[in-house]
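[1] I would like the atomic coordinates for the input below:
(chains A and B)
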Amino acid sequence: MESYAYAAPSSVSETVALLAQNASEGRQTQILAGGTDVLVQMRAAGHTPRTIIDIKTLAETNRLDVSADGIYIGAAVPSAVINEHALLQSALPGLLEAADLIGSTQIQGRATICGNLCNASPAGDSIPAMIAAGAICEIATAAGSREIAVEDFVVGVGRNALAPGEFLLGLKLAMPSAETKDAYLRFTPRTEMDIAVAGVGVSLTVAGGRCTQARVAIGAVAPTAMLVPEAAEALIGTDLNDTALHQAGEACKAAASPISDKRGTAEYRKKVVAVLCRRAIVVAHQRIQGA
Amino acid sequence: MARLQVETVINGEPREFLCDANQSMLDVLRDELGLTGTKEGCGTGDCGACSVLVDGRLVCSCLMLGVEASGKSVETIEGIAGEDGLHPLQRQFLENAALQCGICTPGFIVASKALLAKNPNPDEETIRYWLAGNLCRCTGYDKIIRAVQDAAAEMSHPA
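    Residues are numbered from 1 along each chain as shown, chains lettered A, B, ... in the order given. Okay, the predicted model is just below:
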């Protein structure tokens, strides 16, 4: 009977080599960062032994850079660490409030937003916020690295765009200007420790009273979180009046293709996603105004 | 498969143990090191009974591999009391009758200690949100919140 193995490589090239070596030997692998999903999955019935590759010992995945040149959040950086970062709090309040909604204090001590992304749950709270913020995934490959937009990373329920032999190194974001702010709102029946019925992330740029750029993303209302360009188009060029907000909300509703389950019916989710969109726009706008 | 040898620090003492690659830190504490103060509730990170501090950060030991303790400093409920007696949190949990069956108590005390280290004077809402990942089916939580508030007061103004 095969048993689990554990490796903590010290470089990206060693990590990629381990992935390739295990594949060539016919052994499955599991990348481990915060482990808050991975360890639960390991205990599920039918989980087969594999080589666990811990990426917390890599310099690259522990990177947390926040400067005018840009933002980099490594794949091993836990939510608690980003949520305590004063510059990030003012630069990306929406991404941080999304990360802060995931699990308890204990979970946030280990969980990473990159893990939330790789786990690819339709209801992963940080994913719409990352899409709205325009995050780019940096992926380690056998040849070096490649980049893809977050909205292209999740390809289905529980499925991501990583090819065999690849792993997520971290997220790159531009440093938002003073006129750009983001927000994330979700609806859950309880205030804490629950899974989103619907979620909306927005990032707005407002200059001279007009919205000049916008990104709107929805979560928990389709197989994957997704960008809604029609919602952004409804906002750009407007002063974010009620009509524009209504149209953006209706665009989110039209883009949603939710399921009905114990957390809500499809009809209810579509209604809620429009409401959350309007409210998230108001929050982001208030943040730009410094309210 | 050979077991993995791990060197770590637990409650300030250097410790070595052997574990399997997929063995949780919770199972290592309880089954390999005999530190049974840390409890298993759900085993899936929902209840907080297995809370420990790793390099000062509050985590669920059921969601951590034992091998990940390598080179880290782990604090469990056994390390909370000082040489001269109970920690104020432990004393105030007793004073306030903030426990009945006691399974959740070690997790609540470890989590509360992490809160008071970060915020020595938290308001009730802060305490409730911080402890949202610790479940108690006996007390209804009010007595726990009061115990944490009383411990915070005692620690900021020692008698």
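[2] Spit out the contact partners of the residue in the stretch 51-200 of chain A positioned nearest to chain B.
    Closest contact between the stretch 51-200 of chain A and chain B, by CB to the nearest CB, is at A:Ser104 (2.1 Å). For every residue, glycine as well, the C-beta is placed using N, CA and C. In this structure, A:Ser104 makes contact with A:192-193, B:45, B:48, B:132-134, judged by CB atoms under 8 Å, 6 or more residues apart in numbering or on different chains.
[3] Turn those residues into a markdown table, columns for distance to B:Glu78, secondary structure and pLDDT.
    What follows is the contacts of A:Ser104, written out as a markdown table (distance: CB to CB, whole Å; DSSP: H, G, I helix; E, B strand; the rest coil; pLDDT from 0 to 100):
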| residue | distance to B:Glu78 | secondary structure | pLDDT |
| --- | --- | --- | --- |
| A:Glu192 | 29 | coil | 76 |
| A:Met193 | 27 | coil | 79 |
| B:Gly45 | 22 | coil | 96 |
| B:Gly48 | 17 | coil | 98 |
| B:Ala132 | 25 | helix | 96 |
| B:Gly133 | 21 | helix | 96 |
| B:Asn134 | 18 | coil | 98 |
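[4] Test my guess that A:Val66 contacts A:Ser90.
    No - counting by CB atoms under 8 Å, A:Val66 does not reach A:Ser90; the two are 9.8 Å apart.
[5] what does chain B put close to chain A?
    B:1, B:4, B:20-22, B:24, B:43-46, B:48, B:51, B:54, B:57-60, B:62-65, B:67-68, B:70, B:111, B:114-115, B:129-134 (CB under 8 Å from any CB of the partner chain).
[6] Distance from the chain centre to stretch B:69-80, please.
    Its chain's C-alpha centre and that of stretch B:69-80 lie 9 Å apart, by CA atoms, centre = their mean, to the nearest Å.
[7] Now that stretch: average pLDDT?
    For stretch B:69-80, mean pLDDT rounds to 98.
[8] For the contacts of A:Ser104, which two are the farthest from each other?
    Pairwise distances across these (CB to CB) peak at 14.1 Å, for the pair A:Glu192 and B:Gly45.
[9] quick one, helices of the chain?
    Using chain A. Per DSSP state H, chain A carries helices over the ranges A:12-24, A:38-42, A:79-83, A:86-91, A:93-100, A:105-108, A:113-119, A:126-133, A:229-235, A:242-255, A:266-288.
[10] nope, chain B
    According to DSSP H, the helices that chain B contains are B:25-27, B:88-95, B:105-118, B:124-130, B:142-156.
[11] ok, and what's touching the longest one?
    With contacts defined as CB under 8 Å, 6+ apart, helix B:142-156 is touched by B:87-89, B:91-93, B:95-99, B:108, B:112, B:115-116, B:120-122, B:124, B:127-128, B:131, B:136.
[12] again, only using 7 Å
    Applying CB atoms under 7 Å, 6 or more residues apart in numbering or on different chains, the contact partners of helix B:142-156 are B:88-89, B:92-93, B:95-98, B:108, B:112, B:116, B:120-122, B:124, B:127-128, B:136.
[13] go on, the first one?
    Outside helix B:25-27, the residues within contact range by CB under 7 Å, 6+ apart are B:38, B:40, B:50, B:61-62, B:64-66, B:68-69.
[14] hang on, the earlier thing: can you tell me which of the contacts of helix B:142-156 are buried?
    The neighbour-count criterion (16 or more other CB atoms under 10 Å in any protein chain shown) marks B:88-89, B:92-93, B:96, B:98, B:108, B:112, B:116, B:122, B:127-128, B:136 among the contacts of helix B:142-156 as buried.
[15] tell me which of these is nearest to chain A?
    Out of the buried ones among the contacts of helix B:142-156, the member with the shortest distance to chain A (by CB to the nearest CB) is B:Arg128, at 8.6 Å.
[16] Could you give the number of residues near the residue nearest to the closest one when sequence neighbours are not counted?
    In this structure, B:Arg128 finds its nearest non-sequential neighbour in B:Ile145, 6.5 Å apart by CB to CB, 6 or more residues apart in numbering or on different chains. A count of nearby residues for B:Ile145, using other CB atoms under 10 Å in any protein chain shown, gives 20.
[17] Tell me the spacing between B:Ile145 and chain A.
    15 Å (CB to the nearest CB, to the nearest Å).
[18] Tell me which of the helices of chain A sits most buried.
    Sort the helices of chain A by mean neighbour count, taking mean count of other CB atoms under 10 Å in any protein chain shown, and helix A:126-133 sits at the top with a mean of 32.
[19] Run through the residues that contact A:Ile55.
    Neighbours of A:Ile55 in contact, by CB under 7 Å, 6+ apart: A:15, A:31-33, A:61, A:75-76, A:167.
[20] Please look at A:Ala80 and A:Gly109 and confirm they touch.
    Yes - in this structure, A:Ala80 is within contact of A:Gly109 by CB atoms under 7 Å, at 5.0 Å.
[21] Need the overlap of contacts for those two.
    Going by CB under 7 Å, 6+ apart, residues that sit against A:Ala80 and also against A:Gly109 are B:Arg57.
[22] measure the residue nearest to A:Val40 when sequence neighbours are not counted to A:Gly170 for me?
    Among residues not flanking A:Val40 along the chain, B:Thr44 sits closest, at 4.9 Å (CB to CB, 6+ apart). B:Thr44 sits 27 Å away from A:Gly170, going by CB to CB, to the nearest Å.
[23] Good, we can wrap up now.
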